[in-house]
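Student: Need coordinates for the below:
(chains A and B)
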Protein chains: 2
Amino acid sequence: MTLTVVGSIAFDAVETPSGSRDRLLGGAAVHFALASSQLAETRVVGPVGDDFGEPEYAILHARGVNTDDVEHVPGGKTFFWAGRYHRDINRRDTLQTDLNVFEDFEPKLSPAARDAEVLFLGNIQPDLQSDVREQCTAARFVAMDSMNLWIDIAHDALVNTIGLVDCLLLNDSELKQLTDEPNLIRAARRALDLGPRVIIAKQGEYGSAMITRDGYFGLTAYPTADIVEPTGAGDSYAGGLMGYLAAQGGDVDDATLRRAMAYGTACASFNVEGFGSERLYALERAEIDARVAELEAISRF
Amino acid sequence: MTLTVVGSIAFDAVETPSGSRDRLLGGAAVHFALASSQLAETRVVGPVGDDFGEPEYAILHARGVNTDDVEHVPGGKTFFWAGRYHRDINRRDTLQTDLNVFEDFEPKLSPAARDAEVLFLGNIQPDLQSDVREQCTAARFVAMDSMNLWIDIAHDALVNTIGLVDCLLLNDSELKQLTDEPNLIRAARRALDLGPRVIIAKQGEYGSAMITRDGYFGLTAYPTADIVEPTGAGDSYAGGLMGYLAAQGGDVDDATLRRAMAYGTACASFNVEGFGSERLYALERAEIDARVAELEAISRF
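Tutor: A predicted model of the protein is given here:
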């Protein structure tokens, strides 16, 4: 099935205790697509400015990402984020956020992008997510991400959007914040009451969990001793997950979702092995499959 | 194989948002034994005061726990702990700690206790753990717990004790604190360098992970929506784990350890369903086996 992702495209500057980069290709839609494109053809919808040029497109095209729906805003600058990671790489401080062209982003989907059967609504303002969701009338499986900012300042709009999707993918802490419920299972049940049939909680170094009306699945993270830089790990997870689902076709059942989570976990584990998503640029599909097999082996008893 | 556990025996007073108890049978060795005794005969070594009487022994004996090595200190009072849990039940404040007879505890093992083939050194002062370890010359598999207090004030003694055991079982955060290493895998490798061949990190609501020289295993927690009161969950985990190992006999290999972790997880999940370890008092072995089977089903893909 065809896959469309809507979200940010960015340049990131990051500092870690072991090194820094001042201009990395980033943004949720990019991290997503560099993972998902390993598994299914992916169309990216997002805005860029004049500073986004051939070198950036070349990285995406090398992976077969379809960029026809990348919107160039003349005279604008691409979204820029800068952050500094601590020695505990799970902690970071944001140093700078320049929304630039992302501030006035209104997703305009081409007919081909609208025809996607699998749709991922990256973390953008919830009303824009709803708008995209409604444009994509052919979508058979729709998932979305969000963040604490929208839970705080656009709660009602976010709840409305959640009612329009099949799967809500959030950080563990955001899911608890959204539902004001500190227990994961209760939080997920409240989120299911909003409409989706699948809730997936991303738990960072601990793995991820899927909660449905009648089921639960918990998957360990891939054990990585040397994390270089984790920006975009959650987006790579979403990309691996949705790319696998798009590649399967047919119904999205429990067994398929479980395996999709393993693909998400594998993609995220590669993401953290380099700055930005650099580790994904030249990754082979066979490396992902091998890591999924490894995940299977390290989670069975 | 026979199983001995050395550790605290206590009375606990707890408050939660949904209720409170002012005198619960507690202490690490008790929580441990109420779980382990489901799987293997367990001998408890620990001190009690005059306030510890027939009702408490009756609970332990009903589960077949051997209390011959429970040391009654005449004129003394049993260790007492009081705490208050938050709405987020993973957070708690200690309100009172009276060590009482536990303060001068010096484990004296009977010949039968010393003959145990499987030994668990509960969280007591590390030099006392070493002393017990050295008394148990027949032990074929020894595991230990500890806590942040000993990492802070008895670091060298703790490191020495770790060098004497097969398996170090710690909270995820304690393992990172012990090794001054925020990455779990690196932390575990440093701990392996101290001597044990198995490191198990307890990750609370996220599950647990085992790290050895050449392997990794990650297991989800059991998804519990209604946690009543979690005191002793980690000790019940240890009890299920070690009870299973003692029941198996033979070599403690990777597959056995993985299944033992599932038994630990199952026992911990029952523990949190009631105040203290009350849920374990009348638990049937078949209920534990069923939950282990459920864990297998919810962690496979």
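Student: Show me what from chain A comes close to chain B.
Tutor: Counting by Cβ under 8 Å from any Cβ of the partner chain, chain A comes close to chain B at A:87-90, A:182-186, A:189, A:203, A:205-207, A:209, A:211, A:215-221, A:223-225, A:227, A:255, A:258-259, A:261-262, A:296, A:298-301. All C-beta atoms are positioned from the backbone trio N, CA, C, and that covers glycine.
Student: Can you tell me which of those end up in strands?
Tutor: A:209, A:211, A:215, A:216, A:217, A:218, A:219 (DSSP state E).
Student: Please give the number of neighbouring residues around the residue nearest to residue A:16 when sequence neighbours are not counted.
Tutor: Among residues not flanking residue A:16 along the chain, residue A:85 sits closest, at 4.5 Å (Cβ to Cβ, 6 or more residues apart in numbering or on different chains). By other Cβ atoms under 10 Å in any protein chain shown, the residues close to residue A:85 number 21.
Student: Would you map the helices across the stretch 151-300 of chain A?
Tutor: A:155-162, A:172-179, A:184-193, A:233-248, A:254-271, A:278-281, A:285-298 (DSSP state H, counting those that start in this stretch).
Student: what angle separates the first one from helix A:172-179?
Tutor: It refers to helix A:155-162. Interaxial angle, helix A:155-162 versus helix A:172-179 (axes from the mean of the first three to the mean of the last three Cα atoms, to 10 degrees): 110 degrees.
Student: coming back round to it: does the residue nearest to residue A:16 touch residue A:20 like I think?
Tutor: No - the pair residue A:85 / residue A:20 is not scored as a contact, 9.6 Å apart, by Cβ atoms under 8 Å.
Student: What's opposite the residue nearest to residue A:16 in the beta bridge?
Tutor: Residue A:85 has the following beta-bridge partners by DSSP bridges: residue A:92.
Student: what residues are up against it?
Tutor: For residue A:85, the contact set (Cβ atoms under 8 Å, 6 or more residues apart in numbering or on different chains) comprises A:14, A:15, A:16, A:17, A:91, A:92, A:229, A:230.
Student: One more: residue A:78?
Tutor: A:9, A:10, A:11, A:47, A:48, A:49, A:51, A:52, A:100, A:101.
Student: Dump these into JSON lines; add pLDDT and neighbour count as well.
Tutor: Listed next are these as JSON lines, based on pLDDT from 0 to 100; neighbours: other Cβ atoms under 10 Å in any protein chain shown:
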{"residue": "A:9", "pLDDT": "98", "neighbour count": "30"}
{"residue": "A:10", "pLDDT": "98", "neighbour count": "28"}
{"residue": "A:11", "pLDDT": "98", "neighbour count": "25"}
{"residue": "A:47", "pLDDT": "98", "neighbour count": "25"}
{"residue": "A:48", "pLDDT": "98", "neighbour count": "27"}
{"residue": "A:49", "pLDDT": "98", "neighbour count": "20"}
{"residue": "A:51", "pLDDT": "98", "neighbour count": "14"}
{"residue": "A:52", "pLDDT": "98", "neighbour count": "23"}
{"residue": "A:100", "pLDDT": "97", "neighbour count": "20"}
{"residue": "A:101", "pLDDT": "97", "neighbour count": "25"}
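Student: Give me the spatial nearest neighbour of residue A:210, chain neighbours excluded.
Tutor: That would be residue A:217: by Cβ to Cβ, 6+ apart, it lies 4.4 Å from residue A:210.
Student: Number of residues surrounding the closest residue in space to residue A:129 that isn't next to it in sequence?
Tutor: In this structure, residue A:129 finds its nearest non-sequential neighbour in residue A:121, 4.2 Å apart by Cβ to Cβ, 6+ apart. Neighbours of residue A:121 under the rule other Cβ under 10 Å: 28.
Student: ok, residue A:121 touching residue A:150?
Tutor: No - with contact defined as Cβ under 8 Å, residue A:121 does not reach residue A:150; the gap is 11.6 Å.
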